[in-house]
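Colleague: Take a look and give me a structure for this.
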Amino acid sequence: MAERKSPVVTLTPSPTLDRTYFVKDLVEGGVNRAERVGEELAGKGINVSRGLQLVNMAAPGVIPIGNADPGVLKRTGSSFLVPLWVDGTLRVSTTVVEYDGPTTKINEHPRPLYERDWKSVIDLTERTVRDYGAKWLVVAGAHPEIVETGKVIDLQPLFDRMKALGVRVILDTSGPALRYWAQKGSATIMKPNSHELSECVSKDLNTIGDVIDAARELNNWGVDCVMASLGIDGIVAVTKTHAIHAFTQPVKVINTVGAGDSTIAGFLAAIANEESDASAYGVGFDVAKGIASAVQWGAAKVQQPTSGLQSIENLVEATVELIPDRSRPLGEPAKAKG
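Modeller: Residues are numbered from 1 along each chain as shown. Presented below is the predicted three-dimensional model:
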């Protein structure tokens with residue numbers, strides 16, 4: 001059997017079965033007929049793994065998954081996943097895509113995990129990282145609660161094990177978890193969108209300069225690199241020593257679900273196999289090259305109907321500013337809550 005190797009492993013703590021309904025002229029409060037229905041096993045880490053397979057990277061994805069539907073991996077073409085089967089059902093996320101209209105998504109609450117199962121997930125993740133010789137771990141998506149305590153899962157034991165192995169961690173989360181783990185400074189990269197970043201630092205974001213200043217707060221807490229995804233304004237990546245802005249020309253948007261996951265996949269596709277350079281942007285990897293690829297993959301994703309990226313053909317050109325224009329207004333300003 002061929003040796004299994006991959007520079008990237010992902011963990012999706014709360015996977016979901018994504019059902020997407022494509023409709024014309026949606027009537028709110030009325031009966032609508034779907035022209036087409038898609039089904040795929042998804043979740044943020046899964047979407048990253050699926051995207052990386054487009055560049056022939058194995059990118060195995062660890063998931064705890066309910067055993068009530070044992071055929072779901074085969075049915076959804078998800079053989080790249082590394083499952084920990086747990087008692088229960090798989091949550092379902094429903095997306096309604098209106099042609100030439102908005103996308104509506106309804107997510108079920110994450111299924112809680114028993115403490116023993118979460119410990120087994122950590123063990124399985126470490127074993128998978130070791131088996132594949134991975135240099136990057138992506139932890140992405142919602143954080144389920146622990147049945148016995150009612151508290152959300154604790155990622156610190158996982159971060160500690162990755163640090164001991166010299167593995168960099170990308171954490172993509174939101175809400176209170178974003179601020180909590182940013183202040184812990186345990187992740188190498190965090191990838192908030194503008195609204196999540198605004199909420200995290202309790203400040204309005206109206207310009208590229210505001211985004212840079214907000215991201216620097218996370219740097220000061222210990223996060224090596226903040227990749228702030230800004231929708232039509234691309235991505236601003238900020239380290240303690242550098243700020244870089246990458247963006248593409250506007251594209252036709254069909255479905256924005258999964259765009260952030262595609263940017264992470266694009267970032268890793270560009271830099272995960274490269275040797276570390278301790279001097280690169282103060283963090284040891286080529287941030288500019290990574291986010292240039294990230295915005296290209298993100299632009300490709302929003303032009304596609306499914307929640308997972310299906311193709312990276314005909315990528316649009318990316319513009320990278322090593323000295324961003326701090327005064328540039330955001331196309332979608334973010335207002336802090338409260």
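Colleague: List the contacts of the most centrally placed residue in the chain.
Modeller: The structure's the chain has its C-alpha centroid closest to residue 261; by CA atoms, centre = their mean the separation is 3.7 Å. Counting by CB atoms under 8 Å, 6 or more residues apart in numbering, residue 261 touches 44-45, 47-48, 51, 140, 172, 301, 308-309. (Glycine included, C-beta is placed from N, CA and C.)
Colleague: my guess is residue 249 contacts residue 296, does it?
Modeller: No: taking contacts as CB atoms under 8 Å, residue 249 lies outside contact range of residue 296: 11.0 Å.
Colleague: anything in contact with each of those two?
Modeller: 316-317.
Colleague: More neighbours: which of those two?
Modeller: Remark: of residue 249 and residue 296, residue 296 carries more neighbours, 22 against 10, as counted by other CB atoms under 10 Å.
Colleague: Could you confirm the more buried one falls within a helix?
Modeller: Yes: assigned with DSSP: H, G, I helix; E, B strand; the rest coil, residue 296 falls within a helix.
Colleague: Run through the residues that contact it.
Modeller: Contacts of residue 296 by CB under 8 Å, 6+ apart are 248, 266, 312, 315-318.
Colleague: per-residue pLDDT, it?
Modeller: pLDDT, residue 296: 98.
Colleague: Distance of it relative to residue 285?
Modeller: Residue 296 sits 18 Å away from residue 285, going by CB to CB, to the nearest Å.
Colleague: Next: residue 44.
Modeller: 21 Å.
Colleague: Please apply the same query to residue 158.
Modeller: The value you get for residue 158 to residue 285, if CB to CB is used, is 21 Å.
Colleague: ditto for residue 95
Modeller: 33 Å.
Colleague: same deal with residue 64?
Modeller: In terms of CB to CB, residue 64 sits 29 Å off from residue 285.
Colleague: Repeat that for residue 74.
Modeller: Taking CB to CB, one finds residue 74 at 36 Å from residue 285.
Colleague: So for those two, which sits in the more crowded spot?
Modeller: For the pair residue 74 and residue 285, the greater number of neighbours falls to residue 285 (26 against 9), based on other CB under 10 Å.
Colleague: Now do the contacts for the more buried one.
Modeller: 168, 271, 274, 276-277.
Colleague: Likewise for residue 173?
Modeller: 139-143, 181, 190.
Colleague: Appreciated, that's everything.
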